[in-house]
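Chemist: need coordinates for the below:
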Amino acid sequence: MKLEEKVEKVKKGELKFSDLLNLDSKKIAALLLLGHTYYAQGQLDEARKVFEGLALLDGKNAYVHGILGSIYQQQERFDLAIARYTMALTNFPGDINSLANRGEVYLRLGKFKEAADDLKEAIELDPEKIHPAANRARMLIAITEEALKLVQERGVEGLVEEKRLAESHLNH
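Modeler: This is a model prediction of the structure:
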């Protein structure tokens with residue numbers, strides 16, 4: 001097959017970009033390891049570059065999209081994080097990590113219905129209560145419910161005061 005034909009197949013999604021570059025599974029695994037190493041060491045910009053390249057190589061890899069979502073979330077690039085978590089979920093529906101993480105981002109953005117939907121789905125997918133991301137979703141829902149209860153009882157000022165007190169306890 002000619003190069004032009006391969007490029008057209010990549011554009012149509014019929015061929016992976018990695019196939020065009022003749023990258024075998026060992027080379028891709030090495031790139032995944034490199035990206036994960038950067039990520040684990042907190043070198044988010046370097047990890048982002050590796051995983052963005054991997055996303056080009058295989059646009060249907062849910063793990064790659066999920067980790068990019070996590071990187072963008074930590075960099076407070078929330079729209080990009082949501083987009084990547086959504087791509088991960090498109091390719092791997094029921095991914096508890098992506099659901100919990102996207103729910104957390106929605107929560108931070110004040111999109112409470114979307115947050116609740118994602119967090120509840122993450123929880124429902126883990127009835128045994130053993131998955132760390134689902135347990136984080138449970139915690140986020142509990143904290144949100146407590147905050148709403150506090151606002152109802154004492155107003156927003158009460159919530160702000162509780163936050164200030166909690167932060168002062170954490171700093172001591």
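Chemist: alpha carbons only for contacts and neighbour counts from here, please
Modeler: OK.
Chemist: looks like Leu54 contacts His65 (just checking).
Modeler: No. Using Cα atoms under 8 Å as the test, Leu54 is too far from His65 to be in contact (9.2 Å).
Chemist: more neighbours, those two?
Modeler: Remark: of Leu54 and His65, His65 carries more neighbours, 27 against 20, as counted by other Cα atoms under 10 Å.
Chemist: so what's Val156 scoring on pLDDT?
Modeler: For Val156, the pLDDT comes out at 80.
Chemist: state the distance from it to Ala147.
Modeler: 9 Å (Cα to Cα, to the nearest Å).
Chemist: neighbour-wise, which of these two wins?
Modeler: A side-by-side neighbour count of Val156 and Ala147, using other Cα under 10 Å, places Ala147 first with 18 against 14.
Chemist: show me where pLDDT drops low in the protein?
Modeler: Scanning the chain for pLDDT under 70 picks out the ranges 1, 3, 6-7, 10-11, 17-21, 169-170, 172.
Chemist: which strands and helices lie in contact with the lengthiest helix in it?
Modeler: Ordering each helix of the chain by length in residues (DSSP state H) puts helix 132-170 first. Packing contacts for helix 132-170, counted by 3 or more Cα pairs under 8 Å, 6 or more residues apart in numbering; DSSP states H and E, involve helix 96-108, helix 112-124.
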